[in-house]
Every structure is written in structure tokens, then in C-alpha cells.
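>>> With the input below, show me the fold.
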Amino acid sequence: MADESKKTVFRKIVVPDEEKKKYLVGNTPPFLGKPYELTPEDLTIGREEGRSIQIPSDMVSRLHATICFKDGAYFIIDNDSSNGTYLNSKQVAANTPIQLNHKDVVKFDVYEFIFIDSARADLWETLKPLNRSGAQTITFYSPKGGAGLTSIVSNLAYAMAAHAKKKVAVADFNLRFGDILTYLGGKPGLGIHELIQEPEITGEKIGKFLRQGPGFSYLTAPVKTEYAELVKGDHVKKILWSLEANHDFVIVDSKNEIDDVSLTTWELSSQIFVVAQPEIGQMLALKKILDIMNQLKYPETKVKVLINRLGRPGTLSTEEIKTIVRRDFVSLPFVPEDAVLTTHGGQLYVKERTASPLSQGILNIQRTLCGEEKIAEEGGIFSKLRAVLGF
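Numbering: from 1, shown residues only. Sure thing, here's the model as predicted:
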């Protein structure tokens, strides 16, 4: 009698519809990491408003290219553009449909997009080894006030400039109550409100509206709270594009409302740090925001959780936070004697007290963002593992 255990059993693998989707994913700023889900409807690419993907470049034609669906496959068509469309570094013939295959790279001017067939491989795992060069926008957002965003942003900007030698700009998009000007000891002058009065916002023009901080530039929020209503999502898009043109990193200090300005900022960000304090109310708000970002199809590689003031007496422990959040997070420790240097003293603790655990936490975030190796904590293999995982 045959050994039944040695028989080969063939099973039909059913791929869920969710995994059969196709995407075009940005591989250069300001589209870095942003997925555009492809449907049977045409996806248009061009400089003109109203395109599915609007590219801010005079080298891109008004209706540069189209991705269309036919006979179960997707095709790229160059619409006789002025400067051509490139597929895997080769220019395609105008008005000729070319089928797209998994991990093909299409390029319009300097803007790259990757075609991803998620039936072939996981969307974000596929993208990990691909190019991630270029300027990056990093946004810090908190659903609740008082989470310490401005202090974190100011110290991180200095760390990137001083330690990683990066060219950094900070944009204070906390439009009603932004206070980076106060933290850095600046004086009132030109800022976002004055910038949006310009007929055009470009990388060349934005410079005169930037202040010089300790090693980095920053753009201030409006002086009057009523001016906040004048700043729209389209302004944010142009501001971030203009800042990216001249900097390695743009760090955004965001407001806690969810509106056109916030959503535009999130869309254009390479990474978003959702910041919360270790308190029950803040954890519940954090979970709601993570749910919203999940609905927006942001991957965990884009959305990071940052717990500030971890270890403050009377607040949640690391294990309790893990149980609530159910995902990895990075943290900054509760060191009030150092934090007060920035919040009340007009100094940057990462500069004045570099060896502080709080400064080392900021430096570890900086190293991660800049692709450097983080410094592991002392205390054996488990402490090193926690450092690697970001705990």
C-alpha cells in the first residue's frame, strides 16, 4: 500500500482581489513613496492641473503621458511629449503603447515612478531595495496639543545639519499657534503669510522668506492667527516643492487639525512621525489617527510612532504602550532638566548637552533618517535589540 504521507498534494492558490492591484509608486520627491492605484480608467501624467499626476516641471508637457488598461494589462503611452518618456532608462516611441511589467521604472524629466504588480510581490517589501535618493520631507504630527513637536523638530533639524552635514529647512505649518520663532529666539518678519502673497512660489524665490537658525533655515507660521485660514493645500504643495529644491531634508512642524493643509502635507511626506505622550487619552487619539492613515493606504514604512517623554512618573510603561498600539515605535525619554533648555531657555539641548539620553534619542532618529547606524544602548544583547527595533 502506498504511503499516503509522501503523495504530492496540489492546492489552488486563490489570490485575494486586494493583492491583485497594480500601482504606480513615486520613487523621487515630491512623490517619493506615494502609491497611485491603477484602475481600468486612464491615468494621466502632465504639468497641467487636472492630471492624475501633476508634475511641477517645465520639462514635462501639459499632457505628457497616459497609462491605459487593455486586455488585462497596463500600457504606457507617450503623448508626443516635448522631452520624452523613459522606460527602464530607454526612451519610448511617441504614441506607441508599451506594456508595463512588475518593477518597471518610468521617468518623466527627473521624476521616477515604479510600476508594481502586487499579485507578484508585496507592494512595500518590493520597494525597499529600490532607489530612495533625493530630498525628503519629514512631518511631525500629533492629534493632541502639548506633545512637544516644536522642541523635537528644532533639535532634530540641528542634529541633521551639525552631525550629518545635511542642508535642512523647517516649515512651521502649525499655522495658528506655531512658535518655532519663539523657541529659536527670532524676530517677527517675513513668513508663510507673506510668501503666499507672491504670484509664484519657487525654489528661487522662497529664500528671502526663510530665517537662519543654528545651522538650518526655517519658515515661520503667520504672525496673526486669522491669517491661518488663507493658507491652502495648494500653497503647501508649492512651498514643500520649493523647499525640497534647495534642501536635503524638509522637516514639518504640523498642526493637529486634519484638513486640506494637513492631508496635503501627509501626501507629500516621505515619512510621518505621529507623536504622542504616554497617556491613555493620547494613546486613544493615536490609534484613531493610525486608523485614518491606514485607510489612506499609508504603509508602516511611511508612518512611524514616536512616544515623547517616556518614563514620566504616573504615565504608561513601554509594555502597556506596546499592548495598546500593537506596533513598533521609537521614543524619547522624560528628561525635563534638558527639555527645558529648548522650551524655556531658547537653547537646543542636542547642542548644549549632547550626551544626554534625550539628545541621544534625537540623534538616533537623525541617524535613522540619514541612513546611518544607530548607537545601541549599553546593557547587553536585549538593550541592543531594543535599540535596533527603535524601542
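
>>> how many other residues sit next to the residue nearest to Val168 when sequence neighbours are not counted?
The spatially closest residue to Val168, leaving aside those adjacent along the chain, is Phe216, at 4.0 Å (CB to CB, 6 or more residues apart in numbering). C-beta coordinates here come from the backbone N, C-alpha and C atoms, glycine included. When neighbours are defined as other CB atoms under 10 Å, Phe216 has 25 of them.

>>> check contacts around Phe216.
Contact analysis of Phe216 by CB atoms under 8 Å, 6 or more residues apart in numbering lists Ala157, Tyr158, Met160, Ala161, Lys167, Val168, Ala169, Val170.

>>> and if you look at Ser356?
Contact criterion CB under 8 Å, 6+ apart gives Val335, Asp338, Tyr349 as the residues in contact with Ser356.

>>> you'd agree the second one is in a strand?
No: with DSSP: H, G, I helix; E, B strand; the rest coil as the criterion, Asp338 is located in helix rather than a strand.

>>> State whether it and Lys351 are indeed in contact, as I suppose.
No: checked against CB atoms under 8 Å, the pair Asp338 and Lys351 is beyond contact range at 11.2 Å.

>>> Looking at the two, which has the bigger crowd around it?
Neighbour tally, Asp338 and Lys351, criterion other CB under 10 Å: the higher count belongs to Asp338, 19 against 16.

>>> so what's the more buried one scoring on pLDDT?
Reading off the confidence values, Asp338 has pLDDT 95.

>>> Could you do His64 as well?
Each residue has a pLDDT score; the one for His64 is 98.

>>> Same check on the one 4 residues further on?
In this prediction, Cys68 carries a pLDDT score of 96.

>>> rewinding a little: buried subset of the contacts of Phe216 as a ChimeraX selection?
Selection command for ChimeraX covering only the buried members of those, criterion 16 or more other CB atoms under 10 Å:
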select :157,158,160,161,168,169,170
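
>>> Using the record's assignment, carve the chain into domains.
17-127, 136-389 (automatic domain parsing).

>>> Okay, now the unreliable bits of the stretch 51-200 of the chain?
Across the stretch 51-200 of the chain, residues meeting the criterion (pLDDT under 70) sit at 120-134.

>>> What ranges does it have for its strands?
Listed in chain order, the strands of the stretch 51-200 of the chain (DSSP state E, counting those that start in this stretch) span 53-54, 65-70, 73-78, 86-87, 90-91, 98-99, 105-108, 111-117, 136-141, 168-173.

>>> Let's have these in CSV, adding distance to Pro188.
Compiled in CSV, the strands of the stretch 51-200 of the chain are given as follows (distance: least, CB to CB, whole Å):
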stretch, distance to Pro188
strand 53-54, 34
strand 65-70, 46
strand 73-78, 50
strand 86-87, 47
strand 90-91, 51
strand 98-99, 55
strand 105-108, 41
strand 111-117, 37
strand 136-141, 23
strand 168-173, 13
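
>>> Just name the most buried of those strands.
Here the criterion is mean neighbour count by mean count of other CB atoms under 10 Å, and of the strands of the stretch 51-200 of the chain the winner is strand 168-173, at a mean of 27.

>>> where do the helices sit along the stretch 201-350 of the chain?
Along the stretch 201-350 of the chain, the segments classed as helices by DSSP state H, counting those that start in this stretch run 233-244, 260-268, 280-295, 318-325, 336-343, 349-352.

>>> hang on, Leu24 is in a strand, isn't it?
Yes: with three-state DSSP as the criterion, Leu24 is part of a strand.

>>> That one pairs with what?
For Leu24, the beta-bridge assignment (DSSP bridges) gives partners Tyr36, Phe115.

>>> what's the answer for Tyr218, then?
When bridges are assigned using DSSP bridges, the partners listed for Tyr218 are Val170, Arg211.

>>> How about the contacts made by it?
Going by CB under 8 Å, 6+ apart, Tyr218 touches Ala157, Ala169, Val170, Ala171, Asp172, Ile180, Leu184, Gly186, Leu210, Arg211.
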